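>>> Here is my input, please return the structure:
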Amino acid sequence: MKFWERIGIGIMSVWLLYAAHQSIDALIRTHDWQPLTASDWGTWSGAMGTVAALFWTIKLARVETRRREQQERDAAIVAASFMDLRLLDYQEILRYVIAALLKPVEDGTPFPYKLLAQKLESCPIWTREELQPLVYLGNHVAANLAMAQESVRDTAERLRKHSLLQSSSDDFELWQKSDLNREIAETLAYVLDQVKKAWGNCSDLLESARLV
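Alright, predicted model coming up:
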């Protein structure tokens, strides 16, 4: 939307320059004591009218843009205030699961895949409507949180499948568990990084709102 606004302002600016040129040309003719014809008067008055209309249009566009940006900022502040503590909880859960996955796997001891899956499933859930206002923050915050939530869901499902595999098969070797756990931990570490960045952006917005 802002792209087309810039295009519109650019077009209006060109018209403004043309109208200003016409006005200056008419004034120069008047200064040189050259009588203005009816056509000159029409051109001059039309140019001045165009200048006034363009100035007014640009002013209205800027007022409307500022109003919309303020509304978007207010909506983002409201969304960030609801997300702040939930993002902290999200980080704590991810850290817990990552730490558990990085612990050495003991031979003959079932790994708590089901427990970790339940832990991930307890992560706070946000909807599209809750994320939409955070688009205002930039840095792909809303998109990254949506992807993080999807990744956590997929990982929880994957852990549940491996819990069933572990209980139904003796072929799930120790090294396979270690490799799997390391891989999942790396995936969740990336998700944690995205959530931390989003939380930082939300916190910065809330802090700036308190300072206003």
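
>>> Burial check on residue 163, number of neighbours?
The tally of other residues near residue 163 (other Cβ atoms under 10 Å) stands at 19. In this view, the C-beta of every residue, glycine as well, is placed from N, C-alpha and C.

>>> how near is it to residue 78?
When distance is defined by Cβ to Cβ, to the nearest Å, residue 163 is 39 Å away from residue 78.

>>> cool, residue 139 as well?
With Cβ to Cβ as the criterion, residue 139 and residue 78 are 19 Å apart.

>>> try residue 88
Applying Cβ to Cβ, one obtains 18 Å for the distance of residue 88 from residue 78.

>>> Then residue 127?
Noted for residue 127: a distance of 14 Å to residue 78, by Cβ to Cβ.

>>> Those two: which is more packed in?
residue 78 (13 against 9).

>>> pLDDT score assigned to that one?
Model confidence at residue 78, expressed as pLDDT, equals 92.

>>> quick thing: my sequence starts at 159, can you match it?
Okay, using 159 as the starting number, the last item reads as residue 236.

>>> and it, what does it touch?
Residues touching residue 236, when contacts are defined by Cβ atoms under 8 Å, 6 or more residues apart in numbering, comprise residue 291.

>>> Any figure for the gap between it and residue 367?
Using Cβ to Cβ, one gets 10 Å for the distance from residue 236 to residue 367.

>>> ok, now which ones touch residue 288?
Residue 288 is in contact with 237, 240, 241, counting by Cβ under 8 Å, 6+ apart.

>>> how is the chain carved up into domains?
When the chain is parsed into structural domains using automatic domain parsing, the resulting residue ranges are 160-227, 229-369.

>>> Check which helix or strand residue 335 maps to.
Per DSSP states H and E: residue 335 is located in helix 332-369.

>>> swap in residue 313?
Residue 313 is part of helix 299-326, with elements assigned from DSSP H and E.

>>> so that helix versus helix 332-369, what angle?
Regarding helix 299-326 and helix 332-369, their directions subtend 150 degrees when assessed with axes from the mean of the first three to the mean of the last three Cα atoms, to 10 degrees.

>>> Who are the packing partners of helix 299-326?
With contacts defined as 3 or more Cβ pairs under 8 Å, 6 or more residues apart in numbering; DSSP states H and E, helix 299-326 has these neighbours: helix 271-279, helix 286-289, helix 332-369.

>>> Tell me which of those helices sits most buried.
Between the helices and strands packed on helix 299-326, helix 271-279 has the highest mean count of neighbours, a mean of 19, where neighbours are mean count of other Cβ atoms under 10 Å.

>>> what's that helix in contact with?
Counting by Cβ under 8 Å, 6+ apart, helix 271-279 makes contact with 251, 254-255, 258-259, 310-311, 313-315, 317-318, 320-321, 324, all of which sit outside it.

>>> Most widely separated two among these?
Within those, two members stand farthest from each other by Cβ to Cβ: 251 and 324, at 21.9 Å.

>>> neighbour count winner among the two?
Neighbour comparison, residue 251 and residue 324: the larger count goes to residue 251, with 20 against 17 (by other Cβ under 10 Å).

>>> Cross-check the contact I'm expecting between that one and residue 258.
No - counting by Cβ atoms under 8 Å, residue 251 does not reach residue 258; the two are 10.9 Å apart.
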